[in-house]
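> no sequence for this one, just the structure:
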């Protein structure tokens, strides 16, 4: 993983994520800055499929890991129970955020 689970400022984390996305030669510089489209779990799955074609594999792995950390946070806080409601709650948290913001959320294990 590029970033560690060590707590540090959100601005520093966002700058690091932005630098990784900007420096990746395999993707357009703005590919990771587009908002995540996730009004529903199905829409999120479609967005991930499209993003995986434009974003470097290592960045997508980091993103997926952070999405799983957010999902675990929802389950631990009992924000929802059952696969469908948990998936929808996850979508509610990440819809409209950039990949970088989702990665920072996952590493800081914070959800609004």
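Yep, that arrived. Not measured: the values here are computed from a predicted model.
> switch to C-alpha atoms for all contacts and neighbour counts from now on
Fine.
> what average pLDDT does stretch 82-92 get?
The average pLDDT within stretch 82-92 is 95.
> tell me the helix or strand right after the lowest-mean-pLDDT helix or strand in the chain.
Lowest on mean pLDDT, DSSP states H and E among the helices and strands of the chain sits helix 10-23, with a mean of 54. Heading C-terminal from helix 10-23, the first helix or strand you meet, by DSSP states H and E, is helix 41-52.
> for the helix or strand in which residue 65 is found, which positions count as buried?
For residue 65, the element it lies in under DSSP H and E is helix 57-76. Neighbour counts over helix 57-76 (16 or more other C-alpha atoms under 10 Å) mark 59-60, 62-67, 69-75 as buried.
> so which elements touch that helix?
helix 83-94, helix 99-108 (3 or more C-alpha pairs under 8 Å, 6 or more residues apart in numbering; DSSP states H and E).
> quick one: which of the ones you listed is nearest residue 48?
helix 99-108 (10.4 Å; C-alpha to C-alpha).
> and the closest one, what does it pack against?
helix 10-23, helix 57-76.
> just want the angle from the helix holding residue 65 to helix 41-52.
When axes from the mean of the first three to the mean of the last three C-alpha atoms, to 10 degrees is applied, the directions of helix 57-76 and helix 41-52 differ by 160 degrees.
> could you give the angle of helix 57-76 to helix 83-94?
Using the same axes, to 10 degrees: helix 57-76 against helix 83-94 is 120 degrees.
> what's the angle from helix 57-76 to helix 99-108?
Going by the same axes, to 10 degrees, helix 57-76 makes 50 degrees with helix 99-108.
> re earlier: could the helices and strands packed on helix 57-76 go into JSON lines alongside mean neighbour count?
As requested, the helices and strands packed on helix 57-76 are exported to JSON lines (neighbours: other C-alpha atoms under 10 Å):
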{"stretch": "helix 83-94", "mean neighbour count": "18"}
{"stretch": "helix 99-108", "mean neighbour count": "24"}
